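> my questions are about this predicted structure, shown below with the sequence.
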Amino acid sequence: MIGTKERKIARIRFIVSFIIIFLIFGASLARVYRYNNTVHKDVFSGERLFGDNADTAKGLSVSAIPRGSTWTKAFDFNNEGITEHNYQAYTYDFTVMNNTYDQISDFDFKLTFDKEVFLMSAWNGALEIHQKSGNGEYVATVPDLREFDSEDYSLDTVTFDGEDLIRMKAGDYLIYIPSSNENAMEVPLESYEGTVPGIILYAPIGELIKGWTLEIQYQFHRLIYKDVLFWVAVVGLFLWFTSYMIYMITWSQIKKYNLRHEHDNELIKESIETFIGFIDAKDPYTHGHSGRVAQYTRLIAAEMGYTGDELERFFYIALLHDCGKIGVPDSILQKPDKLDKDEFEVIKSHTIRGGEILSNFKSLKGAGEGALYHHERYDGNGYPEGRAGEDIPLVARMICVADSFDAMNSNRVYRRKLTPEKIIEEIETNKGKQFDPKIADIFLNIIKEGKIADLF
């Protein structure tokens, strides 16, 4: 059976484990919050920027791939009459690829030029242009370079064939701000998806464009269910809930069993007490003797460390120790004078009769031992078998002390009960003779501690 202590321990364990699961879930939330608010940075240049590696790289990748189609123009900056085409148009697609399971909530990148170029157009997002100007810097944000009008800005620009071009010198840079409108929808960037902003620029014919540097910063948005600690908490909560349900179902069954067990115990107790009532009715001089001996035996067992059902078992065995007297004639049981030898032999036979009566009492383990052996002596001079020492069953040795104490502490027709001092003296004198010395000492301590109220 599960007792109050075990239930309390179980509740504490469930509470502690639930708190741990809650803390794990809280740690998952904190991890995801911290992760989502961390600004990541990366730099792409050279082959890493201009190579076609966007689909195979890990994390976030950027690659700048020029389109194959192009055209050329003649730029005559100083009105020298140049007619031969000396600048070529380049269209660059910047593939920004999210190679993770997480969403990229936002990003922007800074593109720094290593030589002079002329911006013609860009699409999707806005451009924040940074140009060196004297000892400072001029900054302007162009929402859509395709609709750029140089009259609206103080940027360094040139105009050829009716087109306004923004001059970007070595060291100048632009910051690309992605669009979130319905047409472009570059952010958020979903898992394993990409976006392709682009620019068109002019550069001198024949010059390689491989020296740009692209610095990108971005933030992830990780959903809580993608965090490993979240699933640890979920699995833990599932196991906790399953365990709790099993515990509640088990406890419900145990509770029913305990109630039935208590009912059965009560029925057994009432049956035994009714039976003992018949014995007491036959021997009015020892009325209540069996009940008191049972209580004393239980006190001894408790002092020896027994608890629960085992304690009750000793009580019931002790309660039945004199059941064999039911077969002793009333004339002998109620005789006020000293018994003769034959009558004493009849009285002694109650131990054997008790053992026989209880031999079929299987639901009370060792039921017959108390009845059969409680008049055995530790020195071997008892009856019915003359057993000695620990060859006498433990419960019988307990009953022997309790039975003798109650006999000395009760008024009989042939004498008054003994004084407390005389009782203690008799028990001390008979340690190792009639009584098991260890059990006798335990009972003496019980007496001295005042646990037997009716002694004084």
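In hand now; what should we look at?
> going by C-alpha atoms from here, please, whenever you check contacts or count neighbours.
Fine.
> show me the helices in the stretch 351-456 of the chain, by range?
With helices called from DSSP state H, counting those that start in this stretch, the stretch 351-456 of the chain shows them at 367-373, 394-408, 420-429, 437-448.
> most neighbours per residue, which of those helices?
Across those, averaging neighbours per residue (mean count of other Cα atoms under 10 Å) puts helix 367-373 on top, at a mean of 27.
> rewinding a little: now render the helices of the stretch 351-456 of the chain as a markdown table, adding mean pLDDT and distance to Tyr202.
Converted to a markdown table, these look like this (pLDDT from 0 to 100; distance: least, Cα to Cα, whole Å):
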| stretch | mean pLDDT | distance to Tyr202 |
| --- | --- | --- |
| helix 367-373 | 91 | 109 |
| helix 394-408 | 94 | 108 |
| helix 420-429 | 93 | 119 |
| helix 437-448 | 94 | 108 |
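> pull the longest helix from this protein.
For the chain, the helix with the greatest residue count under DSSP state H is helix 228-282.
> helices or strands up against that one?
Contacts of helix 228-282 with other secondary structure elements, assessed using 3 or more Cα pairs under 8 Å, 6 or more residues apart in numbering; DSSP states H and E, are made with helix 4-36, helix 308-319.
> so which elements touch the strand or helix carrying Phe94?
Phe94 belongs to strand 87-99 when assigned by DSSP states H and E. Using 3+ Cα pairs under 8 Å, 6+ apart as the contact test, the elements touching strand 87-99 are strand 59-66, strand 72-73, strand 194-195, strand 198-204.
> ok, the nearest residue to Gly198 once chain neighbours are set aside - contacts?
The spatially closest residue to Gly198, leaving aside those adjacent along the chain, is Asp93, at 4.4 Å (Cα to Cα, 6 or more residues apart in numbering). Under the criterion of Cα atoms under 8 Å, 6 or more residues apart in numbering, the contact list for Asp93 reads Ser63, Ala64, Ile65, Pro66, Arg67, Val196, Pro197, Gly198, Ile199.
> using PDB, write out every CA atom in the strand holding Phe94.
Included here for strand 87-99 are C-alpha records, laid out as PDB according to Å, rounded to 0.1, in the frame of the first residue of the first chain:
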ATOM      1  CA  TYR A  87      32.100  52.200 -71.100                       C
ATOM      2  CA  GLN A  88      30.200  49.000 -70.800                       C
ATOM      3  CA  ALA A  89      26.900  48.400 -69.000                       C
ATOM      4  CA  TYR A  90      26.900  45.600 -66.400                       C
ATOM      5  CA  THR A  91      23.700  44.100 -64.900                       C
ATOM      6  CA  TYR A  92      24.400  42.400 -61.500                       C
ATOM      7  CA  ASP A  93      22.000  40.200 -59.700                       C
ATOM      8  CA  PHE A  94      22.700  39.900 -56.000                       C
ATOM      9  CA  THR A  95      21.200  36.500 -54.900                       C
ATOM     10  CA  VAL A  96      20.600  36.600 -51.200                       C
ATOM     11  CA  MET A  97      19.800  33.000 -50.200                       C
ATOM     12  CA  ASN A  98      18.500  31.800 -46.900                       C
ATOM     13  CA  ASN A  99      20.000  28.300 -46.400                       C
END
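> how far off strand 59-66 does the very next helix or strand once past that strand point, in degrees?
Proceeding N to C from strand 87-99, the next assigned helix or strand is strand 103-112, under DSSP H and E. When axes from the mean of the first three to the mean of the last three Cα atoms, to 10 degrees is applied, the directions of strand 103-112 and strand 59-66 differ by 40 degrees.
> okay, angle between strand 103-112 and helix 4-36 too, please.
Computed by the same axes, to 10 degrees, the angle between strand 103-112 and helix 4-36 is 30 degrees.
> list the contacts of strand 103-112.
Residues from elsewhere that reach strand 103-112, judged by Cα under 8 Å, 6+ apart: 98, 170-178, 187-191, 212-222.
> one more time with 7 Å
When contacts are defined by Cα atoms under 7 Å, 6 or more residues apart in numbering, strand 103-112 is touched by residues 171-178, 187-191, 212-222.
> could I get the helices and strands packed on strand 87-99 as TSV with distance to His263?
Rendered in TSV, the data for those read as follows (distance: least, Cα to Cα, whole Å):
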stretch	distance to His263
strand 59-66	69
strand 72-73	104
strand 194-195	74
strand 198-204	86
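> nearest to Leu23, out of the ones you listed?
Taking Cα to Cα, strand 59-66 is the member of the helices and strands packed on strand 87-99 nearest to Leu23, at 29.3 Å.
> for that closest one, which strands pair with it and how are they oriented?
Using DSSP bridges, the neighbouring strands of strand 59-66 in the sheet come out as strand 87-99 (antiparallel).
> so the strand holding Phe94 versus strand 198-204, what angle?
On the basis of the same axes, to 10 degrees, strand 87-99 is oriented at 150 degrees to strand 198-204.
> next one: strand 87-99 to chain centre, how far?
53 Å (Cα atoms, centre = their mean, to the nearest Å).
> ok so, going back, deepest of the helices and strands packed on helix 228-282, which one?
Note that of the helices and strands packed on helix 228-282, helix 308-319 is the most buried (mean count of other Cα under 10 Å), with a mean of 21.
> what residue of the chain is the furthest out?
No residue in the chain sits farther from the centre than Gly81, which is 84.4 Å out by Cα atoms, centre = their mean.
> confirm that residue sits in a helix?
No - read with DSSP: H, G, I helix; E, B strand; the rest coil, Gly81 is coil and lies in no helix.
> before we move on, the earlier item: the residue nearest to Gly198 bridge partners, please.
Partner residues in beta bridges with Asp93, using DSSP bridges, are Ile65, Gly198.
> on that earlier part again, so the residue farthest from the centre of the chain versus Ala74, what's the distance?
Applying Cα to Cα, to the nearest Å, one obtains 10 Å for the distance of Gly81 from Ala74.
> what do you get for Ile300?
117 Å.
> neighbour count for the two, which is higher?
Under the neighbour definition other Cα atoms under 10 Å, Ile300 and Ala74 were set side by side, and Ile300 has more, 26 against 16.
> mind checking how far the helix or strand hosting the more buried one is from the chain centre?
Ile300 is part of helix 289-303 when elements are defined by DSSP H and E. Using Cα atoms, centre = their mean, the distance from the centre of helix 289-303 to the centre of the chain it belongs to is 44 Å.
> using CSV, write out every CA atom in that helix.
Below are the C-alpha coordinates for helix 289-303, written out as CSV (Å, rounded to 0.1, in the frame of the first residue of the first chain):
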residue,chain,number,x,y,z
HIS,A,289,-7.0,-10.1,28.9
SER,A,290,-6.6,-11.0,25.2
GLY,A,291,-7.2,-7.4,24.1
ARG,A,292,-4.7,-6.0,26.6
VAL,A,293,-2.0,-8.6,25.6
ALA,A,294,-2.6,-7.7,21.9
GLN,A,295,-2.0,-4.0,22.7
TYR,A,296,1.1,-4.7,24.7
THR,A,297,2.4,-7.0,21.9
ARG,A,298,1.8,-4.2,19.4
LEU,A,299,3.7,-1.8,21.6
ILE,A,300,6.7,-4.2,21.7
ALA,A,301,6.6,-4.7,17.9
ALA,A,302,6.5,-0.9,17.3
GLU,A,303,9.5,-0.4,19.5
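> no more questions from me, cheers.
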